[in-house]
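Student: any chance you could fold what I've pasted below:
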Amino acid sequence: MYRRLLFAVIAFFSTAAFAQSYHDFGFSRSQHIAVRSQNEQLFSFPWAGGINSVKAAPFDLDFDGIDDLLLFEKHGNRLLPFLNRGLADSAAFVFAPQYCRDFPELHNWVVFKDYNGDGKPDIFTYGLAGITVYKNVSSENDILFQLVTEQIQSFYYNGYTNLYTSPDDYLAIEDIDGDGDLDILNFWILGKYVHYHRNYSMETYGDADHFDFHLEDECWGHFEEGGESNAILLNSACGQKDEPTRHVGSTLFVHDFDNNGLKDLLLGDIDYPNLVLLRNGGTPQEAWMTSVDTLFPTPSEPVWLYSMPVVSCMDVDNDGRDELLVSPSDPSLTKSRDHHSLWLYCYDEGAEQYRKRSEAFLQNQMIDVGSGAMPVLYDWNGDGLTDLFVANYGSYDSSWVINGFLTSYYSSSISYFRNDGTLTNPVFRQVTDDFGNLKRYGYTALCPAFGDVDGDGRVDLLCGSSDGTLLYFRNLGDTLPDFAPPAPNYAGIDVGDYATPQLFDLDRDGRPDLLVGNRRGRISYYRNTAPSGSFAFQFVTDTLGGVDVRDADVSFFGYCVPRFFRNAQDETALFCGAEQGDIVYYDLIDNNLSGTFRQKEAALNETVGDVLSPIAEGVRSAPAVADLDSDGYPDLLVGNYAGGMSLYMGTVPPPLAIVSPCLPASSLTVFPNPTAGIFTLGFEEPARGEVVVCDVSGRIVLVKEVDGSSALQLDLSGFPAGVYVGRCGFAAGVRHFKVVKR
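Tutor: Numbers count the residues shown, from 1 in each chain. Got it, this is the predicted structure:
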């Protein structure tokens, strides 16, 4: 209600104003550019953004009485909503990203469960070192959530404290004891044993609308995991809890697989590809695991999916029976079997067992190049139509355990999509997923830039790589590329790590210069000093324009992907991809190459109706810019680490008066930091909301209201020295901060 009222007020003043200022660019998310596979099949949702590590849930998004499908992508904290077309015995979906803005900010993991019995799925997600809960308060045709708690508490031994959860684990949130309220299973902080937190809401309040958790059992099921493997010991005495044991990283899924009225347990574990089924032979009052199956669901078609598979259960094909969806959930960005990372199992009534139907469910209907999609727009065949190239960090090759740790291997390649459409209606067709046969060399994070480097009339290839240097691939062919073996360390250029080059005439002398982004979040500038038609690069600076796309509150790195271009007024502009997923916009570049560019917008936005929403497509965003439909507005492709892309068509720029409800009302300053106790939070403008401060264990130590002020003083004098994390919740968004107490 607050959000709608805010926009109504803004709209009133916008239309009443005599003059109106506008954003420089307008974008609207689109699915309308068709893409065909190598075998001429039309992708159903090419611009959905890729899949690496997802958890699925049913959710009626459009209030038609049919469960739709929500995917939460762990590699980038993205939601992928799909509308169910409702066709009997058919898994037919329509990608519907417009619903993303109806959900709160989600991190690390999410479980959708109806905890209060009103028929609406609520949200359990990772918060401040604990479990944050949002209640589904949707009304007819209007999805809405309300924050219930930032940390679920449980009664441990002699008092209530934060119910521990890892940012990496998937908990089991189920009615374990059958009393009508939701209980929680999680691993002990050092692994090994499963803890059972019983909810006493029904017993205490007579309803399921409350959280009153107690640690009821420290060894639920009477089993333990091995100290150095995912082996299971049944009939455990559950006594040795003082020894350091397993690494963190497990998934739990509860389901009665043998229909005996008892909850069985499926376990996935970090560094392992299989699911382990523990069958419950106990009683409804006391679980007791009696058998172990390491080849679930069948020995002939077991789940074997690196790493740490997580299970979802829902009816995706409208046949009245739930299917199993399995995906890796390892927190590492370099362990997922990225090309085939959503397995679908359907139950075979005749055989009375699950059968594997797909290893790439949904993702085989979208552009998905593996991990780390990096688009480049370039007319390769010279037909006047812009073609699409999509490089990647790599695609999964294999996994090996080395010195007790899982290592997965990737190799980079470039997919080529030829534009077979027209100047006003592009249509992309995938010609190859290994342009130039580069995958054989085993590099990672190839990022291409096209140009005639040797002046022989053929377009060559300069590629950045993960080690920060450039590779030169000389083109020996004509129509089809026939690249010579790579010449490493081109021109002695080394920008540190993750070189992302672009060839662009920055100084307007008619010769393409070389701009190279890097992992630090900056851009190196090499001016082309050679005669026209050849390349000779002279180093100018490694901090071009003062560009730095790092979010220092979150990471030391920025993973800058620069894309310079010229707007309709022939002014140079810069869009930069960044580690946290934003597209950063800089201007004031012309005649200012030795100065500091202006960061015009910290994050580009799309227009959805009369609302701006940030373009945030997951971790390590990579933009590509071109006017694909010749309407005079630049269009935008955004690659992400899950291996896919999103398409934003250029539109009429919106008024500045339209604001985004998803961005924070203010940025934060913390001073002094470190502090002896008292410190001040400063806001760029007056703010209203709530500040919550926690210690590193997730225990809330301070809660204070911000009531329209531009600064807030907080005092940690009575608390131990250490690192504290905070969350500022405003009506317009959320910001996090950290402070060190000396």
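
Student: give me the buried positions along stretch 670-684.
Tutor: Of the residues in stretch 670-684, those buried under the neighbour-count criterion (16 or more other Cβ atoms under 10 Å) are 670, 675, 679, 681, 683. (Glycine included, C-beta is placed from N, CA and C.)

Student: I'd like the distance between the first one and D553.
Tutor: Think V670. Taken as Cβ to Cβ, to the nearest Å, the spacing of V670 relative to D553 amounts to 9 Å.

Student: give me the common contacts of the two.
Tutor: Taking Cβ atoms under 8 Å, 6 or more residues apart in numbering as the criterion, V670 and D553 both touch 737-738.

Student: tell me which two of the buried residues of stretch 670-684 sit farthest apart.
Tutor: Across the buried residues of stretch 670-684, the two members that end up farthest from each other (Cβ to Cβ) are T675 and F683, 17.8 Å apart.

Student: give me the beta-bridge partners of Y409?
Tutor: On DSSP bridges, the residues paired with Y409 through beta bridges are S398.

Student: I'd say it and S398 touch.
Tutor: Yes - taking contacts as Cβ atoms under 8 Å, Y409 lies within contact range of S398: 5.2 Å.

Student: show me which of those two is the more surrounded one.
Tutor: Just comparing Y409 and S398: by other Cβ atoms under 10 Å the higher neighbour count belongs to Y409, 13 against 10.

Student: is it true that M202 touches D181?
Tutor: Yes - between M202 and D181 there is a contact under Cβ under 8 Å: 4.9 Å.

Student: C-terminal to the longest strand seen in the chain, what's the next element?
Tutor: The longest strand of the chain (DSSP state E) is strand 678-695. Using DSSP states H and E, the next helix or strand after strand 678-695 towards the C-terminus is strand 700-715.

Student: who does that following strand touch, helix- and strand-wise?
Tutor: Secondary-structure packing of strand 700-715 (3 or more Cβ pairs under 8 Å, 6 or more residues apart in numbering; DSSP states H and E): strand 678-695, strand 722-730.

Student: try 6 Å
Tutor: Judged by 3 or more Cβ pairs under 6 Å, 6 or more residues apart in numbering; DSSP states H and E, the packing partners of strand 700-715 are strand 678-695.

Student: tell me the mean pLDDT for the strand it packs on?
Tutor: Mean pLDDT, taken over the full extent of strand 678-695, equals 80.

Student: repeat that for stretch 372-381.
Tutor: Summarised as a single mean, pLDDT over stretch 372-381 is 97.

Student: what comes into contact with it?
Tutor: Residues outside stretch 372-381 that contact it (Cβ atoms under 6 Å, 6 or more residues apart in numbering): 386-387, 389-393, 447-448, 450, 622, 624, 626, 637, 639, 641, 643-645.

Student: what about 8 Å?
Tutor: Contact partners of stretch 372-381, identified using Cβ under 8 Å, 6+ apart, comprise 50, 367, 385-394, 416, 418-419, 445, 447-450, 459, 479, 500, 561, 620, 622-626, 628, 637-645.

Student: over to stretch 446-463?
Tutor: 374, 376, 378, 380, 389, 391-392, 412-414, 436, 438, 443, 464-465, 470-478, 481, 483, 486, 490, 499-503, 512, 514, 533-535, 561.

Student: tell me which helix or strand in the chain has the weakest average pLDDT.
Tutor: Of all helical and strand segments in the chain, the minimum by mean pLDDT, DSSP states H and E falls on helix 2-16, at a mean of 33.

Student: any idea which helix or strand comes after that one?
Tutor: Going down the chain from helix 2-16, the next helix or strand is strand 26-30, by DSSP H and E.

Student: so what pLDDT did the residue nearest the centre of the chain get?
Tutor: Using Cα atoms, centre = their mean, the residue of the chain that lies closest to the mean C-alpha position is G76, 1.4 Å off. Per-residue pLDDT puts G76 at 94.

Student: touching, it and V638? I think so.
Tutor: No - using Cβ under 8 Å, G76 makes no contact with V638, being 11.2 Å away.

Student: identify the contacts common to these two.
Tutor: What both G76 and V638 touch, as defined by Cβ under 8 Å, 6+ apart, is the set E617.

Student: picking that back up, tilt between the longest strand of the chain and strand 722-730?
Tutor: Relative orientation of strand 678-695 with respect to strand 722-730: 90 degrees, computed using axes from the mean of the first three to the mean of the last three Cα atoms, to 10 degrees.

Student: helices and strands around strand 678-695, which ones?
Tutor: Under the contact definition 3+ Cβ pairs under 8 Å, 6+ apart, strand 678-695 sits against strand 668-671, strand 700-715, strand 722-730, strand 733-741.

Student: let's see 7 Å
Tutor: strand 668-671, strand 700-715, strand 722-730 (3 or more Cβ pairs under 7 Å, 6 or more residues apart in numbering; DSSP states H and E).

Student: got the CA positions of the second one in PDB?
Tutor: Coordinates of each C-alpha in strand 700-715 appear next as PDB, following Å, rounded to 0.1, in the frame of the first residue of the first chain:
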ATOM      1  CA  ILE A 700      20.700  -9.500  17.700                       C
ATOM      2  CA  VAL A 701      22.400  -6.900  19.900                       C
ATOM      3  CA  LEU A 702      20.800  -3.600  18.900                       C
ATOM      4  CA  VAL A 703      17.600  -2.600  17.300                       C
ATOM      5  CA  LYS A 704      16.900   1.100  16.700                       C
ATOM      6  CA  GLU A 705      14.400   3.100  14.700                       C
ATOM      7  CA  VAL A 706      15.300   5.700  12.100                       C
ATOM      8  CA  ASP A 707      12.600   8.400  12.200                       C
ATOM      9  CA  GLY A 708      13.300  10.800   9.400                       C
ATOM     10  CA  SER A 709      16.800  11.800  10.400                       C
ATOM     11  CA  SER A 710      20.000  11.800   8.300                       C
ATOM     12  CA  ALA A 711      22.200  10.300  11.000                       C
ATOM     13  CA  LEU A 712      21.800   7.700  13.800                       C
ATOM     14  CA  GLN A 713      24.100   7.100  16.700                       C
ATOM     15  CA  LEU A 714      24.600   3.600  18.000                       C
ATOM     16  CA  ASP A 715      26.600   2.300  21.000                       C
END
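
Student: alright, calling it a day.
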